[in-house]
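# sequence and computational prediction follow.
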Amino acid sequence: MQNIKLTIAYDGTEFHGWQFQPGGLPTIQGAIQDAVKKITQERIMLHGASRTDAGVHAFGQVAHFKTRSNLTALELQRAMNALLPPSIRIVDSADVGPDFHSRWMAQAKTYRYKIYRGRVLPPFEYGRALHYPWPLDEDAMVVAARAFEGVHDFTSFAASTGSEDDDRDREMTRELLSSELIREPDRDEISYLVRGRSFLRYMVRKIVGTLIEVGRGRIAAADIPALFEARNRSISGPTVQPQGLYLVNLEYPDPTNSWATHKAARQTSSSS
């Protein structure tokens, strides 16, 4: 039995997110599972590291599946790319140890959100960036972005589950390892780049909406700690559209380490 790790890039415009949806709605997971079934004649389960929403793109999504096929990882990659639509590409494929799990072993994720600042949105950026041509205090946004770094309760910056009981029981504390606003050189574009261990649903898009409100002067960078403390999503910025969001990459421990070793290291780190 092979355990195959995939690194995947996709344009999420045509899909209803990563995760398989009932009723035949097109998803990234569903498209790849269908391709693998045609190649191996097996009904496999593809496990993704991040359940990106409809309209969200990826440069480096990671997933894995187990197969009894005798095809090599490279042969599987070539066959999948021959069957998948051009909007989904398997950029790397590797045979990994049986303990590898794309979701549970991920140590960090990096997301990027693109905001196009020019007066006219180029057609090539349509569906791939938020168009915001109006004035923004970008210096204030740079300062505010840094305020999200560290360990915080992100209740004010996440979507509700729709159930008050579930919302109350959810663990809302997350750690952002880096959070920065970047001016792209020689382009009418700014990007929000964020790296963290895990994220709540809509969390990045809600942070970006808050940063835009800072740029508009409606929220001050100094107000961010109070927004964390309030634990009230109605007083932070709006949730911006998904089309500007990209999953950039995921980070994993040394592949020679076993899952047990990785788990022990994480426990030691969290207790120190």
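On my side now, so go ahead.
# on the three-state scheme, the closest residue to Arg146 other than its chain neighbours is what?
Leaving aside its sequence neighbours, Arg146 sits nearest to Ser179 (Cβ to Cβ, 6 or more residues apart in numbering; 6.3 Å). For every residue, glycine as well, the C-beta is placed using N, CA and C. Following DSSP: H, G, I helix; E, B strand; the rest coil, Ser179 is assigned to strand.
# same check, this time on the one 3 residues further on
Remark: Ile182 carries the secondary structure label strand [criterion: three-state DSSP].
# quick one: pLDDT of the residue nearest to Arg146?
Listed pLDDT for Ser179 reads 98.
# what is the neighbour count of Asp188?
16 (other Cβ atoms under 10 Å).
# hang on, isn't it packed against Val120?
No. The pair Asp188 / Val120 is not scored as a contact, 9.4 Å apart, by Cβ atoms under 8 Å.
# related to what we said a few turns ago, distance check, the residue nearest to Arg146 against Val208.
Between Ser179 and Val208 the computed distance is 11 Å (Cβ to Cβ, to the nearest Å).
# show me the strands in the stretch 1-150 of the chain, by range?
For the stretch 1-150 of the chain, the strands defined by DSSP state E, counting those that start in this stretch cover 2-10, 47-48, 57-67, 88-96, 108-116, 130-131, 150-153.
# now do the contacts for Thr52.
Gly12, Gly17, Trp18, Ile28, Ala58, Gln61, Leu245, Leu247 (Cβ atoms under 8 Å, 6 or more residues apart in numbering).
# which of those are buried?
For those, a burial check counting by 16 or more other Cβ atoms under 10 Å picks out Gly12, Gly17, Trp18, Ile28, Ala58, Gln61, Leu245, Leu247.
# from memory the second one sits against Arg51, does it?
Yes. With contact taken as Cβ under 8 Å, Gly17 and Arg51 are classed as touching, separated by 6.9 Å.
# show me what contacts the closest residue in space to Gly97 that isn't next to it in sequence?
Closest residue to Gly97 apart from its sequence neighbours, by Cβ to Cβ, 6+ apart: Asn3 at 6.6 Å. With contacts defined as Cβ under 8 Å, 6+ apart, Asn3 is in contact with His64, Phe65, Lys66, Asp95, Val96, Gly97, Pro98, Phe100.
# circling back to that earlier point, reformat the strands of the stretch 1-150 of the chain as a markdown table; add distance to Gln41.
A markdown table is the format used below for the strands of the stretch 1-150 of the chain (distance: least, Cβ to Cβ, whole Å):
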| stretch | distance to Gln41 |
| --- | --- |
| strand 2-10 | 15 |
| strand 47-48 | 20 |
| strand 57-67 | 10 |
| strand 88-96 | 18 |
| strand 108-116 | 33 |
| strand 130-131 | 43 |
| strand 150-153 | 47 |
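# dump those strands to a markdown table, plus distance to Asn81 and mean pLDDT.
Shown next, in a markdown table, are the strands of the stretch 1-150 of the chain (distance: least, Cβ to Cβ, whole Å; pLDDT from 0 to 100):
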| stretch | distance to Asn81 | mean pLDDT |
| --- | --- | --- |
| strand 2-10 | 10 | 98 |
| strand 47-48 | 18 | 97 |
| strand 57-67 | 15 | 98 |
| strand 88-96 | 5 | 98 |
| strand 108-116 | 24 | 98 |
| strand 130-131 | 30 | 98 |
| strand 150-153 | 40 | 98 |
